[in-house]
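In: okay, sequence plus prediction incoming.
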Amino acid sequence: MGQINPKGLNFGTKVSYYPLCPKPDLIKGLRAHTDASGIGLLFQDDKVSGLQILKDGQWVDVPPTNIVITNGKYKSVVHRVNVQADGNRISFSSFYSPGSDAVIYQAPALVAKESDDQESQVVYPKFVFEDYMKKLYPGLKFQSK
């Protein structure tokens, strides 16, 4: 990430409760989506599964993981939560994001230097975080992948 104004950092926590469901094949817990935060931490129940990521077109059960977006090298994983027949599930998600006025861009060390023109290797344009959250992210979060 580019400039981050320490006064403007954003932090949020979400507590999710997924009750036991006798017919989990008939309902979804949380539909497939990606997160926009710079860093997301998930603390989840280690006895009742539910978190899945989309890998190579297949849904895979996974333990907690951390992902960061950096010039296409690391991406926010498409994920979902399924309800389970064998127990209640509780998770705590914490999201850390830059201030709304932060300018986001690739870390120079992660931009390929195959030519003298470094700009030609940049995957994403520079943007202000608030613009991304208001204009682009709402249309991306739950889009079909």
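Out: Now that the structure is in, tell me what you want to look at.
In: so where's this protein shaky on pLDDT?
Out: 1-7, 38-41, 43-48, 62-76, 109-120, 137-145 (pLDDT under 70).
In: now do the helices in it.
Out: 129-131, 137-140 (DSSP state H).
In: which non-adjacent residue is nearest Gly12?
Out: Once flanking residues are discounted, Gly12 sits nearest to Phe95: 4.8 Å by C-beta to C-beta, 6 or more residues apart in numbering. Where you see a C-beta, it was placed from the backbone N, CA and C, and this is true even at glycine.
In: tell me if I'm right that that neighbour and Met133 touch.
Out: No. Counting by C-beta atoms under 8 Å, Phe95 does not reach Met133; the two are 11.7 Å apart.
In: where along this structure do the strands fall?
Out: Applying DSSP state E to the chain gives strands spanning 10-18, 30-33, 39-44, 51-55, 58-61, 79-81, 89-97, 103-104, 127-128.
In: and those, which is most packed in?
Out: strand 79-81 (a mean of 19; mean count of other C-beta atoms under 10 Å).
In: so which elements touch that strand?
Out: strand 30-33, strand 51-55 (3 or more C-beta pairs under 8 Å, 6 or more residues apart in numbering; DSSP states H and E).
In: strand partners (parallel or antiparallel) of that strand?
Out: Take DSSP bridges as the rule and strand 79-81 pairs in its sheet with strand 30-33 (antiparallel), strand 51-55 (antiparallel).
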